[in-house]
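Undergrad: Build me a model:
(chains A, B and C)
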Amino acid sequence: MPLVTLTTDFGNADYFVGAMKRVILSICPKATVVDLTHELPAYEVGEAAFVFEQARRWFGKKTIHVAVVDPGVGSLRRPLLVEVDGQYLIGPDNGIFSTALGKPGAKARAITNEKLFLKPVSATFHGRDVFAACAGHLAAGLAPAKFGKLVKDALRLNLGTNQRISKRQWSGSILRVDRFGNLVTSLSLAEFGWLADRPFELVVGFEKVAKRATHYAECEYGELYAVMGSAGFLEIVLREGSAAKRLGVASGAPVDVTGW
Amino acid sequence: MPLVTLTTDFGNADYFVGAMKRVILSICPKATVVDLTHELPAYEVGEAAFVFEQARRWFGKKTIHVAVVDPGVGSLRRPLLVEVDGQYLIGPDNGIFSTALGKPGAKARAITNEKLFLKPVSATFHGRDVFAACAGHLAAGLAPAKFGKLVKDALRLNLGTNQRISKRQWSGSILRVDRFGNLVTSLSLAEFGWLADRPFELVVGFEKVAKRATHYAECEYGELYAVMGSAGFLEIVLREGSAAKRLGVASGAPVDVTGW
Amino acid sequence: MPLVTLTTDFGNADYFVGAMKRVILSICPKATVVDLTHELPAYEVGEAAFVFEQARRWFGKKTIHVAVVDPGVGSLRRPLLVEVDGQYLIGPDNGIFSTALGKPGAKARAITNEKLFLKPVSATFHGRDVFAACAGHLAAGLAPAKFGKLVKDALRLNLGTNQRISKRQWSGSILRVDRFGNLVTSLSLAEFGWLADRPFELVVGFEKVAKRATHYAECEYGELYAVMGSAGFLEIVLREGSAAKRLGVASGAPVDVTGW
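TA: Numbers count the residues shown, from 1 in each chain, chains lettered A, B, ... in the order given. The predicted structure is shown next:
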């Protein structure tokens, strides 16, 4: 049974998601449709790209993922079909698949076969008329090559790339503010795991963070800490509180780190 | 397999929706229960009526829809079973089915067969004890006539009816504020499609809107635009922002339009 | 088919819940996973305990419930497996199962069999690596005794226990603020049902409540009322408004009642 997942910023209060599901199921009745999340921050493509990639890796081969955070809907930005890790990714060519596109063997197609779309195509709801419809056809067995030609210029945003500023200083960014107000930084375990044993100082918003903990309950109340999070990135946290509110920062904000 | 959909303002943070599902499944174990939305604005029957009708048209014949936004729960307002477009609608007689009731062939029954209800009927949770229970019995095959007699006085709210004020002026209203803060007006494509080619001016809140776009990315940042939305109604939008917050208006607010 | 329910404060905006589901299904592919709620207030174990217990009673024997509101994740607090009413409860030993643990025949095991966990165990996401994994193994048929030994000191919070202060006065608390801002008190129908026929006065926040109604539409707008709620507890409500906002109180706030 084909599995189709949905990731959007459409919220759960409207009929938008329901309409997408009906379109998929009307084209491929045997598909199983699974919601990843519809509560991504509106219009934030970069943050969506991070959450989507985190979610995607829990799924197996042949999964069809539809991801739509799409402030450019109706403009000339292309619909995209990406093949990576044996999975299929459908969404706008606006950087939402940035991380996946950087993986070995990733291939992208610009979807140009308009016969696959729901007619008339609304200028404001491609989630339903373009992306859900294409996911339905893919789930029903249509070959990727029927969607359009391979392209090499799919948009990749500069997400989570850290810069070395000086011998002991790096500059990164906040990739995601999670539900608890924890700030997920671009400082990965792979690159910055050594911070676990060395003195360091993070600068974010107007505050400095120099304490670390392995888990939340180890932190003192009211103080900012750095914790290596479950996604493999350093997080800035406030025990039983919101580090995002305390610091007044959102995704995209810079994080500078000095380590000795 | 009978399909039952749920539309409420109960939110997703409580056990309310879970309880409704269990009641339906305990009466009709083979039913499939699908959530449309539980995040409708609390108590706003008119807005619920609009969203429900938008969602309903994506479903096929024999679908059983339960819709509960019900500030009058426990009072004398009647439970209703509506048959329309081959579908079944169950909810309070408070106008939530206003649009459906205006369709050709729509029939409404006042549900009076109290044997179908969960006992004791709570005075504050008919979603569970009355509406979910009735949906379960309908899904299990009980004939509509067993629920109660046909009535001709089911409540219809005056939703989205536009008034012509003068030769070139009409008065409408905001039917819905969507997740992005877009204002969905009562000005439909069918009636007001001609605004696409003619000069016009919308007055809403304390501002005037005279620009139009076919999609969001065509709008300049910071300026209000009129866009024909995917539901077939003119929307007032602010690019990557909330028109509702900018204008300080909610559903029900008046919209005046002048067109030349 | 084994049924596994999920109750958390993880929200629906992240990939957290999706990851938990994949872990359960990867260990027990035939399990059905049902969301109760993921929108519990962050870190509020007491409120979670109340909502979880309300939801749990709608499920049948053999249901496996995973409940994770866990500010102590990664610390020494134990993972717990509780058997009660023929159901299985998996979560942290922090009081989230307080009510269930007080039921006749309830048995608790400290989960010590680390072979069952996902490796490496993250210090901040036991919902995925410990609790979901254990639920998967239980669903797949592993006997409860394989998880760990029975313990008698599982944590029970003092939830919803009312104190008699004087002959006519009792002191209780707010157990839950629901989606509408209704305040669910600890005054149960069983203990305080007699308030329905006698004069009474509730003191909560800075206001007194002496009016009662059987349902919301019976209340005058703008005035606080006591209504016996559908969960069997007295609620303080404001017609089509939020009693919580009006009174400025949250769960845990004291409620004093005098009855004559």
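
Undergrad: Pull up the residues of the stretch 1-150 of chain A that are close to chain B.
TA: A:9-16, A:18-19, A:22-23, A:42-43, A:71-75, A:77, A:122-125, A:128-129 (C-beta under 8 Å from any C-beta of the partner chain). Glycine gets a C-beta too; all of them are placed from N, C-alpha and C.

Undergrad: need the residues of the stretch 1-150 of chain A near chain C, please.
TA: A:12, A:34, A:36-41, A:51, A:54-55, A:58-59.

Undergrad: Which parts of the stretch 1-150 of chain A are strands?
TA: In the stretch 1-150 of chain A, the segments counted as strands under DSSP state E, counting those that start in this stretch are A:3-8, A:32-37, A:64-68, A:79-84, A:87-92, A:107-110, A:150-151.

Undergrad: what are the phi and psi angles of the one residue in the stretch 151-260 of chain A that gets nearest to chain C?
TA: Closest residue of the stretch 151-260 of chain A to chain C, C-beta to the nearest C-beta: A:His215 (2.4 Å). Backbone geometry at A:His215, expressed as degrees, to the nearest 10, gives phi -150, psi 170.

Undergrad: from memory it sits against C:Leu76, does it?
TA: No - when contacts are counted by C-beta atoms under 8 Å, A:His215 is not listed as touching C:Leu76 (10.2 Å).

Undergrad: With neighbour numbers in mind, choose between those two.
TA: A:His215 (20 against 7; other C-beta atoms under 10 Å in any protein chain shown).

Undergrad: Near chain C, which residues of the stretch 151-260 of chain A are found?
TA: Going by C-beta under 8 Å from any C-beta, the residues of the stretch 151-260 of chain A near chain C are A:178-180, A:214-218, A:227-230, A:235, A:239-240.

Undergrad: ok, those vs chain B, which is closest?
TA: Taking those together and measuring to chain B by C-beta to the nearest C-beta, the closest member is A:Arg179, at 12.5 Å.

Undergrad: I'd say the closest one and C:Val17 touch.
TA: No - under the criterion of C-beta under 8 Å, A:Arg179 makes no contact with C:Val17, lying 10.3 Å away.

Undergrad: neighbours around A:Ala143, how many?
TA: A:Ala143 - counted by other C-beta under 10 Å - has 8 other residues nearby.

Undergrad: Grab the nearest non-local neighbour of the residue of the stretch 51-200 of chain A found nearest chain B.
TA: For the stretch 51-200 of chain A, the residue closest to chain B is A:Gly74, as judged by C-beta to the nearest C-beta, at 2.4 Å. Closest residue in space to A:Gly74, ignoring its immediate chain neighbours: B:His215 at 2.4 Å, by C-beta to C-beta, 6 or more residues apart in numbering or on different chains.

Undergrad: for A:Gly160, same thing?
TA: A:Ser186 is the one closest to A:Gly160 (C-beta to C-beta, 6+ apart), at 3.7 Å.

Undergrad: Can you tell me the strand partners of the strand ranked longest in chain A and which way each runs?
TA: Ranked by residue count, the top strand of chain A under DSSP state E comes out as strand A:169-177. If you go by DSSP bridges, strand A:169-177 pairs up with strand A:163-166 (antiparallel), strand A:183-188 (antiparallel), strand A:254-259 (antiparallel).

Undergrad: now, of those, which is deepest in the fold?
TA: strand A:183-188 (a mean of 25; mean count of other C-beta atoms under 10 Å in any protein chain shown).

Undergrad: For the residue nearest to the spatial centre of chain A, list the residues it contacts.
TA: Centroid-nearest residue in chain A: A:Ala49, 2.3 Å away (criterion: C-alpha atoms, centre = their mean). Counting by C-beta atoms under 8 Å, 6 or more residues apart in numbering or on different chains, A:Ala49 touches A:95-99, A:157, A:159.

Undergrad: In the residues you listed, which residue is surrounded by the most others?
TA: A:Phe97 (31 neighbours).

Undergrad: any idea how far C:Ala243 is from that one?
TA: Using C-beta to C-beta, to the nearest Å, we find A:Phe97 at a distance of 46 Å from C:Ala243.

Undergrad: and what of A:Ala213?
TA: 38 Å.

Undergrad: So for these two, which residue has more residues nearby?
TA: Set side by side, A:Ala213 and C:Ala243 show more neighbours around C:Ala243, with 25 against 19, by other C-beta under 10 Å.

Undergrad: so that one touches C:Ile236, yeah?
TA: Yes - assessed by C-beta under 8 Å, C:Ala243 is found in contact with C:Ile236 at 5.0 Å.

Undergrad: Please identify every residue contacting each of the two.
TA: What both C:Ala243 and C:Ile236 touch, as defined by C-beta under 8 Å, 6+ apart, is the set C:182-183, C:224.
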